[in-house]
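# Sequence and predicted model, in that order:
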Amino acid sequence: MFSFFNPTRIFFGNDVIKDNFNYIDELGNKALIVTGKNSAKVSGALEDILSALKKLNKEWVIFDEIKENPTYDLIEKGKKVGLNENVDFVIGIGGGSPMDASKAISILIANDFLSVEELYNGDYDVALPIVEVPTTSGTGSEVTQYSVLTSMEGKKAGFSSEVNFPDVCFIDPKYTLKLSKALTLTTAIDALSHAVEGSISTKATDISDLMAKESIKLIKENLMNSLDNLDNIKYRENLSKASMLAGMVIAQTGTTLPHSLGYSVTVKYGVRHGIATAIFLPNVLKKIEKENPKKLNVLKNVFESLENFENFLNEVGIFNNLPKLKEEDIISFSNTVIKSSHVKVTPATFTVEDIKKLYLEVFE
């Protein structure tokens, strides 16, 4: 038995906003546009959204202060802007950070008595309507119920709620054409991590495995080509599709141990999220192969062996220029990871000593 739930209406392809903006009409009358300083403008996504809002005679206000790994104070600030401006729907434009922030802000505006910390309690059942427009091909946040935020103490953690699912998303691969080589790599590798982790999760289903396999295949066949041809729209389209599919996978399964291992490395050492996650995949998978080998069937169907998969990760360069971790940080990180929910859905046995070993193996 399995179930599948993903209520987001997806529009994928060239000029999808221009051709389908009427689906925004019923969502509200005044939008809060949540984004960062640059990507929405540079990609052309903001221009397309504003054109659509004008045609629909909608009002809007722009909150463009979102940074990578958005912190609680930024979310509270976005909430205040939305409440002061009386917005009734939210549009997130950008990578995972603006999209995750837009979801959190939509819930807080609809439940103005809540603090950011209370989002993790799940004691709410309504959010403002949400529209997502990704400008990267990595997080898949445009099709998930997750939002990952960073506390003022530097702890990165996600929360999940069905009201967090976007109502509509517009995925136009042309918005990713201006991504640098480094961002193209780390975002695509994040999508790969989502697909692989979803396939090994104890929550995986037949449907999620089908999507995971296709996502892994698309990334294997298109990532290197895209890195060598950054302005090739076909490769960008396939990576955007892979990211969307991987997001749909983790919407069913959640992520597993590599994500938990990577969070603190991102926050404290500045290693980008996709890289910080994927560097742990080979050694986690090796332990799973010993204890639960069938869980690697999806990955091996595409790469044939773990060795080939690790060679691929080496070839695209994710292990280059990693920092050296302090011993006290490895201990602290390990004690945090072992308590995370990610451990429970990873199909192998991991002790705190195993976790420390994983850090040491990658950062030796």
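Everything's here; your move.

# ranges for the helices of the stretch 251-364 of the chain?
257-269, 273-278, 281-291, 297-303, 306-316, 327-337, 341-344, 352-363 (DSSP state H, counting those that start in this stretch).

# I'd like those laid out as TSV, including mean pLDDT, mean neighbour count and distance to A188.
For every residue, glycine as well, the C-beta is placed using N, CA and C. Output for the helices of the stretch 251-364 of the chain, formatted as TSV (pLDDT from 0 to 100; neighbours: other C-beta atoms under 10 Å; distance: least, C-beta to C-beta, whole Å):
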stretch	mean pLDDT	mean neighbour count	distance to A188
helix 257-269	96	23	15
helix 273-278	97	27	7
helix 281-291	98	18	14
helix 297-303	98	19	15
helix 306-316	98	15	8
helix 327-337	96	16	24
helix 341-344	96	16	21
helix 352-363	96	17	20
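
# Tell me which of the ones you listed lies nearest to N22.
Distance to N22, taken as C-beta to C-beta, is lowest for helix 273-278 among those, at 34.2 Å.

# Any figure for the gap between the residue nearest the centre of the chain and H273?
Closest residue to the average C-alpha location of the chain: T139 at 2.5 Å, with C-alpha atoms, centre = their mean. When C-beta to C-beta, to the nearest Å is the yardstick, T139 and H273 sit 8 Å from each other.

# Doesn't the residue nearest to the centre of the chain belong to a helix?
No. Going by DSSP: H, G, I helix; E, B strand; the rest coil, the assignment for T139 is coil, not a helix.

# Return the residues in contact with it.
By C-beta atoms under 8 Å, 6 or more residues apart in numbering, the contact set of T139 is G95, G96, M99, D100, T187, D190, A191, S243, G247.

# and it, how far is that from D209?
From T139 over to D209 the distance is 21 Å, taken as C-beta to C-beta.

# Same check on V271?
Distance from V271 to D209, by C-beta to C-beta: 29 Å.

# what kind of secondary structure is D231 in?
coil.

# Phi and psi next, for it.
With angles defined as degrees, to the nearest 10, D231 sits at phi -100, psi 20.

# how close does it get to E310?
In terms of C-beta to C-beta, D231 sits 29 Å off from E310.

# What of F303?
When F303 is compared with E310 (using C-beta to C-beta), they lie 9 Å apart.

# same thing with K324?
To E310, K324 is 21 Å away according to C-beta to C-beta.

# K287 too?
Taken as C-beta to C-beta, the span from K287 to E310 is 14 Å.

# Distance from the chain centre to stretch 260-275, please.
In terms of C-alpha atoms, centre = their mean, to the nearest Å, the centre of stretch 260-275 is found 13 Å from the chain centre.

# In this structure, which residue sits furthest out from the middle?
N57 (31.6 Å).

# Now it: which helix or strand?
Following DSSP states H and E, one finds N57 outside all helices and strands.

# before we move on, what about E65?
Applying DSSP H and E, one finds E65 in no helix or strand.

# hey, where'd the strands end up in this structure?
All strands of the chain, identified by DSSP state E, fall at 9-12, 30-34, 59-63, 89-94, 130-134, 146-150, 156-160, 168-171.

# Quick check: closest non-adjacent residue to E59.
Excluding the flanking residues, the one nearest E59 by C-beta to C-beta, 6 or more residues apart in numbering is K30, at 4.2 Å.

# In contact with that neighbour, which residues?
Contacts for K30 (C-beta under 8 Å, 6+ apart) come out as K58, E59, W60, V61, E85, N86, V87, D88, F89.

# how does it look with 6 Å?
By C-beta atoms under 6 Å, 6 or more residues apart in numbering, the contact list for K30 reads E59, V87, D88.

# these two touch, right, the last one and G28?
Yes. Under the criterion of C-beta atoms under 6 Å, D88 lies in contact with G28, with a separation of 3.7 Å.

# Show me what counts as buried in the lengthiest helix in the chain.
Taking DSSP state H as the criterion, the chain has its longest helix at helix 206-228. For helix 206-228, a neighbour-count test (16 or more other C-beta atoms under 10 Å) marks 208-209, 211-220, 222-223, 226-227 as buried.

# now stretch 193-204
S193, H194, A195, V196, E197, G198, S199, I200, S201, A204.

# Kindly report the same for stretch 35-44.
For stretch 35-44, a neighbour-count test (16+ other C-beta under 10 Å) marks T35, G36, S39, A40, S43, G44 as buried.

# next one: stretch 144-157
T144, Q145, Y146, S147, V148, L149, T150, K156.

# nearest to L50, of the residues you listed?
Closest to L50, out of all of the buried residues of stretch 144-157 and judged by C-beta to C-beta, is S147, at 24.4 Å.

# so that closest one touches A104, yeah?
Yes. Taking C-beta under 6 Å as the definition, S147 is a contact partner of A104 at 4.8 Å.

# and I330, which of the strands of the chain is closest to it?
With C-beta to C-beta as the yardstick, what comes closest out of the strands of the chain is strand 156-160 (16.9 Å).

# Since that was my last question, I'll sign off now.
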